[in-house]
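Novice: Structure for the following, please:
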Amino acid sequence: MAARIEHLVTSGTFSLDGGTWDVDNNVWIVGDDTEAVVIDAAHDAGAIADALGDRRLAAVVCTHAHNDHIDAAPELAARTGAPILLHPADLPLWKQTHPDRAPEGNLTDGEVLTVAGVDLTVLHTPGHAPGAVCLYAPALGAVFTGDTLFNGGPGATGRSFSDFPTIIDSIRDRLLTLPPDTTVHTGHGDSTTIGAEAPQLAEWIARGH
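Specialist: Predicted coordinates for the structure are as follows:
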């Protein structure tokens, strides 16, 4: 069977700067009946492993290192033997959650991860976090944006390690240049498209100043 995108929602908490909030996270599985990658192993390694079944997990890919996106990554890696991949600029955030366990590999801008015959191109999109990345899969007409771009606007930039002008630059230069019909699969909430979000860029900039 051809590669496909599967979606799981897991629930837990997000903690940063002394606060903790209840959150629902999107976990994305990209692959076929034989192998897959997991994008953002959030909260529940057991549920993610169940969704994978007996497929080979090629990698646990982290769009960034806020705890709600990586809290289940070590357990999922231990269950499956898959490496955890993270952009190195997010290691300080990673260490807040997993001080004694480093990722196995670094994500780099322009790197291509291939699973089930589908290429996922790593786009470094800092702003929400220094090492935030998106994963563009042109063959699937999709981009996985983590918390960089949501249905309705940019990710939050009001906490440590984040910066509003930087996230706007990332969205404008790296994401809004993608084909308008590209589906945006987000870290939280509903999916959208590049074409639906692009007209709001000027409004976001005005709102952020």
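Novice: Just the buried residues of the lowest-mean-pLDDT helix or strand in the chain, please?
Specialist: When the helices and strands of the chain are scored by mean pLDDT, DSSP states H and E, helix 201-208 comes last with a mean of 83. Across helix 201-208, burial judged by 16 or more other C-beta atoms under 10 Å covers W204. Any C-beta I mention is one placed from the backbone N, CA and C, and that applies to glycine too.
Novice: ditto for stretch 107-120
Specialist: Result for stretch 107-120 [16+ other C-beta under 10 Å]: buried residues L107, E111, L113, V115, A116, V118, L120.
Novice: D33 and L16, how far apart?
Specialist: Note on D33: its distance to L16, by C-beta to C-beta, to the nearest Å, is 38 Å.
Novice: Between these two, point out the one with more neighbours.
Specialist: L16 (18 against 13; other C-beta atoms under 10 Å).
Novice: before we move on, back to that, roughly how far out does the least confident helix or strand of the chain sit from the chain middle?
Specialist: Computed by C-alpha atoms, centre = their mean, to the nearest Å, the separation of helix 201-208 from the middle of its chain amounts to 23 Å.
Novice: Let's see that helix as PDB, backbone CA atoms only.
Specialist: Only the C-alpha atoms of helix 201-208 are listed here, as PDB (Å, rounded to 0.1, in the frame of the first residue of the first chain):
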ATOM      1  CA  LEU A 201       0.300  37.400   7.000                       C
ATOM      2  CA  ALA A 202      -0.100  41.200   7.000                       C
ATOM      3  CA  GLU A 203      -2.700  41.000   9.800                       C
ATOM      4  CA  TRP A 204      -0.400  38.800  11.900                       C
ATOM      5  CA  ILE A 205       2.400  41.200  11.500                       C
ATOM      6  CA  ALA A 206       0.200  44.100  12.500                       C
ATOM      7  CA  ARG A 207      -1.200  42.200  15.500                       C
ATOM      8  CA  GLY A 208       2.200  41.300  16.700                       C
END
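Novice: ok, and what's touching it?
Specialist: Residues from elsewhere that reach helix 201-208 (C-beta atoms under 8 Å, 6 or more residues apart in numbering): G153, P154, T157, F164, P165, I168, I171, R172, L176.
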